[in-house]
Every structure is written in structure tokens, then in C-alpha cells.
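Student: Sharing a model that was predicted from the sequence below.
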Amino acid sequence: MALDSRNAFVRGDVIGPYGPIFDDSNLEALYVTIPGYFPDSFDAFKVDDKKTIIMAWLIPITSKEAEFIRQTGWEEFENKLEELNPDLIDLKRESII
């Protein structure tokens, strides 16, 4: 999708929902954010003086979470993530909304 549109995904973008991503899971979309489980040095890679690669983490989310982000903004969603601290690599986790 990013290649077709010639636009990179950025923090706060929601891809989907497009139906279940995994079997027996209610995760239907992807949320783009900074790579939270890695050191800050992992956030970007400088190729040369003109090019830098920005790393992104695609977190599987529910359709309710996708709608929440669209209605209230990604900052509020990330605040909820910090507050509730869900296991974001649990592919069968419940919605935090």
C-alpha cells in the first residue's frame, strides 16, 4: 500500500481494518508507531547525509481500537497503551477500548 501510494506510513497511521489478521483473533488492523521494545538508537538509521530510514512498529489492533484512534487521535491511544500496558505481541488479546 505504501509503495503503491508512494507515501510512507507514519506514527499514528491505521492500516485497515480488513478483517481478522490471524486465525482465532479479533485483531483486524495495524497501528503504526515507534519501535517501543527497542533502544532509541533503533528508531532511525542514517544512510548518508541526505537519507535516513525511520523504523516503524506495526501493532495489530482491533477494529474498536482503530475507530478510537480515528475519533480521538493516536496520542490518546498511546496514552491508553501506557496506562493499561497490554501485551501487544499477544495475537489473541482483547481490545483495550
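Tutor: Thanks, I have it.

Student: need the helices for this structure, in chain order.
Tutor: According to DSSP state H, the chain carries its helices in the segments 2-5, 63-72, 74-84.

Student: which one of the ones you listed lies closest to residue 30?
Tutor: Closest to residue 30 of the helices of the chain, according to Cβ to Cβ: helix 63-72, at 8.9 Å. All C-beta atoms are positioned from the backbone trio N, CA, C, and that covers glycine.

Student: Figure out which of the helices of the chain is closest to residue 22.
Tutor: Closest among those, using Cβ to Cβ: helix 63-72, at 14.0 Å.

Student: Okay, buried residues for the closest one please.
Tutor: For helix 63-72, the neighbour count (16 or more other Cβ atoms under 10 Å) marks 63-66, 68-69 as buried.

Student: cool, stretch 16-32 as well?
Tutor: For stretch 16-32, a neighbour-count test (16+ other Cβ under 10 Å) marks 16-17, 21, 26-32 as buried.

Student: For those, point out the one with the lowest pLDDT.
Tutor: Least confident by pLDDT among these: that is residue 21, with 92.

Student: Mean pLDDT and distance to residue 40 added to the helices of the chain, as a markdown table?
Tutor: Shown next, in a markdown table, are the helices of the chain (pLDDT from 0 to 100; distance: least, Cβ to Cβ, whole Å):
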| stretch | mean pLDDT | distance to residue 40 |
| --- | --- | --- |
| helix 2-5 | 86 | 24 |
| helix 63-72 | 98 | 24 |
| helix 74-84 | 96 | 16 |
